[in-house]
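*Asks:* Requesting a structural model of the entry that follows:
(chains A and B)
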Amino acid sequence: MKKLINDPAKTVDEGVAGFAAAHPDLVRVVVDPPFVVVRKDAPVQGKVGIVSGGGSGHEPLHAGYVGYGMLDAAVPGAMFTSPTPDPILEATKQVDAGAGVLHIVKNYTGDVLNFETAADLALAEGIEVQTVITDDDVAVKDSLYTAGRRGVAGTLLVEKIAGAAAQRGDSLDQVAEVARTVNSRVRSMGMALSPCTVPHAGEPSFELGEDEVEIGIGIHGEPGRERIALEPADRMVDRLIEPILEDLPFQQGDRVILLVNGMGGTPLSELYIVFRRAAEVLQERGIELARSLVGSYVTSLEMQGVSLTLLQVDDELLGLYDAPVETAALRWGR
Amino acid sequence: MSGLGGGLDGAWARRWAEAIAEGVADRKAELTALDRAIGDGDHGENLDRGFQAVLGKLESLEEGATPGAVLKLVATTLISTVGGASGPLYGTAFLKASVAAGERESLDAAALVEVLTAARDGIVARGKAELGDKTMVDAWTPAVDAAAAAGDDVEAVLDAAASAAEAGAAATEPLIAHKGRASYLGERAQGHRDPGSESTALMLRAAAAVA
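*Replies:* As a prediction, this is how the structure comes out:
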């Protein structure tokens, strides 16, 4: 397949270098050990530092969310591969201003193991670290017999809201508590029309027929739970939103933030077709749409597909969501 | 060749690491294909990156380094270069193995069993997988059991471990995964071999081949 790259082995390096060159007002990149994207003014005195990271290929997650009011550092691993503990530790040291550091980790085995190791190392260096694992994907049903639910697009909302709590001066315990609260109230589910290809692997992560879609995909190119024939957009939206609504459950009178997230290869016009139906379903259920976010925020390379995310909010969470943010991929209020 | 008294020395540990690097490089595409079927398609690439780094580090290791020192170098290199789940898991395995090997100049059959057991226990502790979860534990545990029952000859111990790991890897094919990314697939993981169990078999066969 065609890719706009120079060398498959340098995809991540060159992408990060370009990101740093494009956004010197927001971030700096620590090159030894490689690939730590740090908020330009970190460590911010008195503020809890927030570090996230994971395999690359989900851009703008996570580096795109480094900046005022959100992340203090992002640690991009190899494509779809968790970073190793060394750069995670380096990021943690870079952002620690004495108030402690929160690690926000998507629930994937590799990410959890590497962040766990890095947190142990940071503790040994006298840095207080708390970890919040995001696991918003309702497609994974039986958590007793799996690695547990995956962290997917809901992670963006955890990062935004925890970032705002840290920015206003909350303590490490408080920021971690806010992050856990968001994670407990956010649910997502995704589907793909086409797979994606990791540059150095050279072959698609799975095969799909012309008229087939995968329901319940994760964000690392892994196949989903179920393969079905493509149906009209409204019907596909219903297949995604029903399990989300049932899971929390979201009920009449609830206020929600709705994120319609493109997987990388889906036109915005289609995302709005999806949004239209999702908003209609919420209205039918008497659920108030408090805020909307539509775009490709947590992607899987060039995968065609979409995920829906609902977060149940109260005044407190909504206030933190609305708080100013200034990052490469999300900015308002400043 | 075995050292004095039939034990395996640091030169063997070095040859083992080199043989794994060669085997992973040769079978990189195969391991990645297994991973693509039920994971995220990077197992071969990630291990190859790690063991190529190990080769580089081995050059700077002093002559006459103990088996424990070699294993520790492999461990720290894998932890800092592999990433994913296999980095911390194999890194922990080699780290625990190096601790079990201790300062010994050479490893006899009993010491080898200790080393393999420590490696397996490290993986179980970090990954929290049990036998039958369709993970590398399904190759490690039969290997440790077979090694313990293989008697006093180091080559027989390693050969038994390798054969049991290979059988264990093959036996993951019909299983439903309960850990790692394959667990998201439910019954769709059936019919595919676990890539971590296959790379474990490769590593243990390499250990036997250079003994």
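*Asks:* neighbours around residue B:8, how many?
*Replies:* Around residue B:8 there are 29 other residues, counting by other Cβ atoms under 10 Å in any protein chain shown. (C-beta placed from N, C-alpha, C; glycine too.)
*Asks:* Tell me, how many residues neighbour the residue lying closest to residue A:201 once chain neighbours are set aside?
*Replies:* Closest residue in space to residue A:201, ignoring its immediate chain neighbours: residue B:41 at 5.0 Å, by Cβ to Cβ, 6 or more residues apart in numbering or on different chains. Here the number of neighbours of residue B:41 (other Cβ under 10 Å) works out to 30.
*Asks:* Also residue A:236?
*Replies:* Using other Cβ under 10 Å, the number of residues around residue A:236 comes to 22.
*Asks:* Quick check, it in contact with residue A:228.
*Replies:* No. Assessed by Cβ atoms under 8 Å, residue A:236 is found out of contact with residue A:228, at 9.3 Å.
*Asks:* Need the residues touching each of the two.
*Replies:* Here residue A:236 and residue A:228 have residue A:213 as joint contacts, going by Cβ atoms under 8 Å, 6 or more residues apart in numbering or on different chains.
*Asks:* hang on, residue B:175 in a strand?
*Replies:* No. Assigned with DSSP: H, G, I helix; E, B strand; the rest coil, residue B:175 falls outside any strand and is coil.
*Asks:* so it touches residue B:131, yeah?
*Replies:* No. Counting by Cβ under 8 Å, residue B:175 does not reach residue B:131; the two are 10.3 Å apart.
*Asks:* Looking at those two, which one has more neighbours?
*Replies:* Higher neighbour count among residue B:175 and residue B:131: residue B:175, with 20 against 12, using other Cβ under 10 Å.
*Asks:* quick one on the thing from earlier: how much space between the residue nearest to residue A:201 and residue A:85?
*Replies:* Remark: distance between residue B:41 and residue A:85 (Cβ to Cβ, to the nearest Å) = 23 Å.
*Asks:* quick revisit: so who does the residue nearest to residue A:201 touch?
*Replies:* A:80, A:198, A:201, A:203, A:205, A:221, B:32-33, B:35 are the contacts of residue B:41 under Cβ under 8 Å, 6+ apart.
*Asks:* Among those residues, which are located in helices?
*Replies:* Counting by DSSP state H, these place B:32-33, B:35 in helices.
*Asks:* Give the bridge partners for residue A:73, please.
*Replies:* With DSSP bridges applied, residue A:73 shows beta-bridge pairing to residue A:38, residue A:51.
*Asks:* For residue A:133, what are phi and psi?
*Replies:* When read as degrees, to the nearest 10, the backbone of residue A:133 gives phi -100, psi 130.
*Asks:* contacting residues around it?
*Replies:* Residue A:133 makes contacts with A:105-107, A:112, A:151, A:183, as judged by Cβ under 8 Å, 6+ apart.
*Asks:* Name the member of those that has the highest neighbour count.
*Replies:* Busiest of the contacts of residue A:133 [other Cβ under 10 Å] is residue A:106, holding 31 neighbours.
*Asks:* and the nearest residue to it once chain neighbours are set aside, which of the three is it?
*Replies:* Leaving aside its chain neighbours, residue A:106 sits nearest to residue A:151 (3.0 Å; criterion: Cβ to Cβ, 6+ apart). Under three-state DSSP, the three-state class of residue A:151 is coil.
*Asks:* Compare the contacts of residue B:41 and tell me which is most surrounded.
*Replies:* Busiest of these [other Cβ under 10 Å] is residue A:80, holding 31 neighbours.
*Asks:* from memory that residue sits against residue A:12, does it?
*Replies:* No. Contact criterion Cβ under 8 Å: residue A:80 and residue A:12 do not qualify, at 10.3 Å.
*Asks:* shared neighbours of those two, anything?
*Replies:* With Cβ under 8 Å, 6+ apart, residue A:80 and residue A:12 have common neighbours residue A:56.
*Asks:* Spell out, range by range, the strands that occur in chain B.
*Replies:* B:8-9, B:106-107 (DSSP state E).
*Asks:* To residue A:66, which of those lies closest?
*Replies:* strand B:106-107 (47.7 Å; Cβ to Cβ).
*Asks:* Which strands or helices does the closest one pack on?
*Replies:* Contact partners of strand B:106-107 among helices and strands, from 3 or more Cβ pairs under 8 Å, 6 or more residues apart in numbering or on different chains; DSSP states H and E: strand B:8-9.
*Asks:* So in that sheet, which strands flank the strand it packs on, and in what orientation?
*Replies:* Here strand B:8-9 is paired, per DSSP bridges, with strand B:106-107 (antiparallel).
*Asks:* secondary structure element for residue A:283?
*Replies:* Taking DSSP states H and E as the definition, residue A:283 sits inside helix A:268-284.
*Asks:* So which residues make contact with the helix or strand following that helix?
*Replies:* Per DSSP H and E, the first helix or strand lying C-terminal to helix A:268-284 is strand A:288-295. With contact meaning Cβ under 8 Å, 6+ apart, strand A:288-295 is reached by A:253-262, A:268, A:271-272, A:275, A:279, A:282-283, A:313, A:318, A:321-322.
*Asks:* what about residue A:235, distance to chain B?
*Replies:* Distance of residue A:235 to chain B, computed by Cβ to the nearest Cβ, to the nearest Å: 23 Å.
*Asks:* returning to what we had before: I'd like the strands of chain B written out as JSON lines, with mean pLDDT added.
*Replies:* Below are the strands of chain B laid out as JSON lines (pLDDT from 0 to 100):
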{"stretch": "strand B:8-9", "mean pLDDT": "96"}
{"stretch": "strand B:106-107", "mean pLDDT": "96"}
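*Asks:* Save the ones you listed as TSV, and put in distance to residue A:38 too.
*Replies:* As requested, the strands of chain B are exported to TSV (distance: least, Cβ to Cβ, whole Å):
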stretch	distance to residue A:38
strand B:8-9	45
strand B:106-107	44
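*Asks:* what does chain B put close to chain A?
*Replies:* Residues of chain B lying near chain A by Cβ under 8 Å from any Cβ of the partner chain: B:32, B:36, B:39-42, B:45-46, B:49, B:79-89, B:126-127, B:176-181, B:183-186, B:188.
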